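# Okay, sequence plus prediction incoming.
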Amino acid sequence: MSKIDKLFGEDVNAVNVGIDFISDDIKKQGASSTNVDWTPPARGNEKLMALLESLNDPAKKEKIDAANKEAVERIINSQPILIGYDQAINCVPGMTATTILHAGPPQEWKDMNGPMRGAVTGAIVFEGLASTIEEAEEVAASGKITFSPCHEHDTVGSMAGVTSASMYMHIIKNKTYGNIAYTNLSEQLAKILRFGANDQSVIDRLVWMRDIMGPMLRDAMKFSKDGLDLRHMLSEALHMGDECHNRNIAGTRTLIQALTPLIEQTDYSTKEKVEVFDFVASSDYFSGPTWMGLCKCAMDAAHGIENSTIVTTMARNGVEFGIRVSGMEGHTWFTGPSQLVVGPLFAGYKAEDSGLDIGDSAITETYGIGGFAMATSPAIVPLVGGTLEEATGHTINMLNITTTTNPNVTIPALNFMGIPTGIDVRKVIETGILPLINTAIAHKEPGIGMIGAGITNPPFEVFEKALVALEKTIK
Amino acid sequence: MTVEIKIKKNTYFDSVSLMSISAKANDIDHVKQVMIGMGTDMNKEVIRNVGMGTNEIEEASTGDLMIAVETEEQASIDEIFEEIDTLFDRKVDSVASGDAIYKTIPSAAQQNAQSNIAVISVNGMYAVREAQKALDNDLHVMLFSDNVSIEDEVKLKQTAHEKGLLMMGPDCGTAIINGVGLSFANKVRRGNIGVVAASGTGAQEMSVRIHDFGYGISQLIGTGGRDLNEKVGGIMMIDGMRALERDPSTEVIVLISKPPAKSVEEKIIKIAKEIDKPVVVFFTGGSKEQQDDGNIYYRPHSKDAAVQAVLLAGAKEADLNLHPLDLTLVEDIQAKLSKDQKYIRGLFCGGTLCDEALYTAMEKLDDVYSNIAVDAENKLTDNNKSKAHTFIDFGSDEFTAGKPHPMIDPSTRIERFLKEAADPEVAVILMDFELGYGSNADPAGVMVPAIKEAKEKAEKEGRHLEIIGYVLGTDEDPQNMEEQVQKLKDVGVTIAISSQDSGILAREIVLGGEKK
């Protein structure tokens, strides 16, 4: 039957683009109409529109769509398994005794902001490369330290993301594709190295983590035959109201429940074990890095697919926001200025105390949780400001810039819709909608720590730059 | 006096919303004037022209919202901007309601599998992309937007034809599908007459007349005003006609167009002849003498065409109230006019109504001009300046770039009306008022103050100002038909009861001295 004949036999069900009252009029006549909240494509920028048009050429479009399909399949099919813990020097590719990994795109010491400098100098003292913070600053500036982004070492790091040789790492293996991702252990919340704090209490905690908790977790995992299925735990945590970037209460309990029998089998003293359990209980954030590692493991599997316009990395170093795109192989970064994070602050702090957006934790949004899964986490809403309806709206809004939904990780409140998956550079440019990131706020000065949480976005220009490069690359 | 500019980056509002927001903003206390618009070249020029141009304005992009405020006192400027901000609250509401917010056609279509038609009314410079996306997603399209190039139109229609989809529009925002009016449409009963129209108000007039005669519409397919242009070749009229041929609830087909390209007309008629249903052809500018041919009935005037359609649909001529034209009225009006008052000025929101009045005049008058005339000799050299008998279609592209259609926003016509009304050579001003979905909520009411003002002025100058009004609508339209007519009558407007009659009335009035 012709499509016109079919239309004559159906109820009118319109999609309205433009004047609102046309939609209202259709509804008044008893038919259905869905309003598109339309804005000029590419924010009205004709140059960008021309690039989109070029990529829309049927032959190119077919290639891109096929590549993106493969990329999102790899994200969805990735099954990250926690297989162990070990010190960075023993497992992280390219790690040396004088290497310090940091969050975000590449950055030199002289360009680092307050929290990053605090974390770097703290790590230098922790590694015994200097004895005081002042001395550590000289060492950092001396050229003896190799600075490199976590992301270029199969690693992600929360906030400053500072990772040095003797720190203990999660080791997460992709059961489907074989790649491995690494991430640091949680120092729990507030006055800690990854927020730029570096006094003696911070160093002491790092030492305890290196000498007690890290080895205990490493040894415990040796009792796990198949490792821990993190994607399964993530899915459970989302069903229990975590979005697994800023809210990790259910995820942490799920993880420690799985770790506890393994820890019990180790030879450490009860006192030491209780210390570890107490430490885990001291903050719900314990599993935060774990989910980041999971996301990194899945996103790396989708990186490097020719012609793909899917974003595989979003990361910030406190000065710059960088993204990487699957179709731009290797470590091609597209960067722009880090943005302010807007949200409630702890008592006693003001907006001007906030450091700019920082950390590799936006890997969670890149995968589809965190800000993208706000709809599943009613309890997070007050923390980042706003209403429940807005939170639901945020998740649905992300469908506009993603490629598909992930059936393995679902949102009960949205009728078990999968999380929005596969940010497409073309769609971000076309709609002007930016990925929504739901994140913590560090004090702008070194040594102070977390002062609040809120939401933020990447700068639009990182997608503009990516589009320009993709248009040149895709033939 | 202070001028303050605010640019809201990447904030989009459509021109219809901005129209109502601007109107409210200009009512705020201490405001001398406010200009609100997207950062298009045209809007920048408008702001420059009223002396509020700044570098900020120049740097705004088309995706940015510009607000320019001129106040009587500096102190109140912050409050004014605050108040203006509250006028934009609509979008925040839609977010807070938790309704799904779709930013693109594909995301809306993919999440609502039942979607079958996209209605597109964004600015012409973006409309083609959106229509293409709708077709790519297997949606039929009603393209309400103006200012789409004919090359783009051909491309879209070819795509639609290949996919078996309807691509209605651009430039004629009327359709009634399964009884549901999309954009400009009147509330008419359903029936056995199917319409394919390359003309928006022509289609509206036809549906209204058919309804008035007690009959109804099966489907009304607006093909876009240029469908019968040489380049477009009638792609959608042919597809629409074929669909109505297959449609079991359609028994009579009416084809409507402004004067078509000859070759296209021949092609259409050839196909129409193969159809197993009667076809009434209402093409303005056609010859009254053209003989009916088999199943084809040529009727170049709207009311005549409607009468023929309902007769074919089953009506008995004796039962129809044909509202015959009262020609004594003409003499009464002529008696009030001085010998200097010679000309018709037709000021139209509806293109085909303008066209019908224009051709009606040309049947008997010389010196007839219009912005939409086909022949060069009848084209106005300056659309802003009338000469002799002039007929203006304010819905034509040159008047609608970056502005809502005059059936929604009649401000351009009001200004022009006051100018024409002051011209001592004018005998009669002819105006249309469209009711129905999509149109202004009170089209007669918005014109009334200007009519009063003009009538009083004419009276002071010792001349009669004759205004003929035609209200296109039905008793079921959302605006109250009776009330609309009464408002016009109350300020001394002579009411015509069809498009055809309004043109004839005007012509006969001026025929006193200038018979052909």
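Now that the structure is in, tell me what you want to look at. Numbering: from 1, shown residues only, chains lettered A, B, ... in the order given.

# For the rest of this, base every contact and every neighbour count on C-alpha atoms.
Fine.

# Spell out which parts of the stretch 1-150 of chain A neighbour chain B.
Residues of the stretch 1-150 of chain A found near chain B (CA under 8 Å from any CA of the partner chain) are A:2-5, A:7-19, A:21-22, A:25-26, A:29, A:31, A:34-41, A:43-45.

# Mind jotting down where the helices sit in the stretch 51-200 of chain A?
A:58-77, A:88-91, A:114-126, A:133-141, A:200-208 (DSSP state H, counting those that start in this stretch).

# would you turn these into CSV with distance to residue B:7?
Converted to CSV, these look like this (distance: least, CA to CA, whole Å):
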stretch, distance to residue B:7
helix A:58-77, 35
helix A:88-91, 50
helix A:114-126, 33
helix A:133-141, 43
helix A:200-208, 46
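
# so which of those helices is the most packed in?
helix A:114-126 (a mean of 27; mean count of other CA atoms under 10 Å in any protein chain shown).

# re the thing from before, so for residue A:424, which of the helices of the stretch 51-200 of chain A sits nearest?
Ranking the helices of the stretch 51-200 of chain A by proximity to residue A:424 (CA to CA) places helix A:58-77 first, at 8.2 Å.

# chain center to that closest one, what's the gap?
Centroid displacement of helix A:58-77 relative to its chain, using CA atoms, centre = their mean, to the nearest Å, is 22 Å.

# outside of stretch B:30-47, which residues touch it?
B:12-13, B:15, B:18, B:21-22, B:25-26, B:53, B:57-58, B:60-73, B:76, B:80, B:402 (CA atoms under 8 Å, 6 or more residues apart in numbering or on different chains).

# now do 6 Å
Stretch B:30-47 is contacted by residues B:22, B:26, B:53, B:60-62, B:64-72 when judged by CA atoms under 6 Å, 6 or more residues apart in numbering or on different chains.

# For chain A, state which of those residues is nearest.
residue B:62 (5.1 Å; CA to the nearest CA).

# rewinding a little: how about the helices of the stretch 51-200 of chain A, which one is nearest residue B:125?
The nearest among the helices of the stretch 51-200 of chain A, by CA to CA, is helix A:58-77 at 21.6 Å.

# Now do the contacts for residue 71.
Going with chain A. residue A:302.

# that's the wrong chain, I wanted chain B
Counting by CA under 6 Å, 6+ apart, the residues that residue B:71 touches are B:1-2, B:30-32.

# Next, format those as a markdown table and append pLDDT.
Listed next are the contacts of residue B:71 as a markdown table, based on pLDDT from 0 to 100:
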| residue | pLDDT |
| --- | --- |
| B:1 | 71 |
| B:2 | 83 |
| B:30 | 86 |
| B:31 | 86 |
| B:32 | 86 |
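
# Distance from stretch A:425-435 to the middle of the chain?
18 Å.

# low pLDDT regions in the stretch 301-450 of chain B?
B:402 (pLDDT under 70).

# OK, now which residue of the stretch 251-400 of chain A is nearest to chain B?
residue A:389 (4.5 Å).

# can you tell me the helix or strand for that residue?
Residue A:389 is part of helix A:388-398 when elements are defined by DSSP states H and E.

# Over to residue A:34?
Applying DSSP H and E, one finds residue A:34 within strand A:32-36.
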